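Chemist: need a 3D model of the following:
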Amino acid sequence: MIQKIEHTAIMVRDMEESLSFYCDILGFTLRLRGRSGDRELAFLYQEGHTHTEVELICVDNPDPAYKEHSIVNHLAFTVGKIEETIAYLKEKDVEFMTEDIKPTLEGGRMIMFWGPNRELLQLVERLKQ
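Modeler: Take a look at the predicted model:
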């Protein structure tokens, strides 16, 4: 089932300003930066703590519905077998944001779902290494 907290995503207005703050001021290291549709994404980690990351999301034309979940957008969990975890959660009547498993920037797979208070959560199956 859940193996660890994957990352916490934070909505940002300006990616350069945010990267400067998190990296130069708070000491995070940039691991990956890229685009997915209208979103620029950056994944950061703390030295010695590479297994839990902060994801920065900068949306070109922010959709109010996407941002309704606050500045901290979602909490993500690493899973080994995403289909099995989805099946288990569906048995527990957990509601998913979509039925589609989507690719991650690194070629893994992810899906979003809702917690009991409508908090946005994510399952991430990383590439096998």
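Chemist: could you name the helices and strands sitting against the host helix or strand of residue 10?
Modeler: Taking DSSP states H and E as the criterion, residue 10 maps to strand 4-11. With contacts taken as 3 or more C-beta pairs under 8 Å, 6 or more residues apart in numbering; DSSP states H and E, strand 4-11 sits against strand 49-59, strand 72-78, strand 120-125. From N, CA and C alone the C-beta is placed, and that goes for glycine too.
Chemist: can you redo those strands as CSV with mean neighbour count, distance to residue 9 and mean pLDDT?
Modeler: Below are the helices and strands packed on strand 4-11 laid out as CSV (neighbours: other C-beta atoms under 10 Å; distance: least, C-beta to C-beta, whole Å; pLDDT from 0 to 100):
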stretch, mean neighbour count, distance to residue 9, mean pLDDT
strand 49-59, 17, 4, 88
strand 72-78, 18, 4, 86
strand 120-125, 19, 8, 93
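Chemist: between these, which one is nearest to residue 87?
Modeler: strand 120-125 (11.5 Å; C-beta to C-beta).
Chemist: next, the angle strand 4-11 makes with that closest one.
Modeler: 130 degrees (axes from the mean of the first three to the mean of the last three C-alpha atoms, to 10 degrees).
Chemist: angle of strand 120-125 against strand 49-59?
Modeler: 130 degrees.
Chemist: what helices or strands is strand 120-125 leaning on?
Modeler: Using 3+ C-beta pairs under 8 Å, 6+ apart, strand 120-125 sits against strand 4-11, strand 72-78, helix 82-91, strand 109-114.
Chemist: ok, now which ones touch residue 124?
Modeler: For residue 124, the contacting residues are 6-7, 76-79, 82, 104, 108-110, by C-beta atoms under 8 Å, 6 or more residues apart in numbering.
Chemist: on that earlier part again, a markdown table for the helices and strands packed on strand 4-11, including distance to residue 91?
Modeler: As requested, those are exported to a markdown table (distance: least, C-beta to C-beta, whole Å):
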| stretch | distance to residue 91 |
| --- | --- |
| strand 49-59 | 28 |
| strand 72-78 | 17 |
| strand 120-125 | 15 |
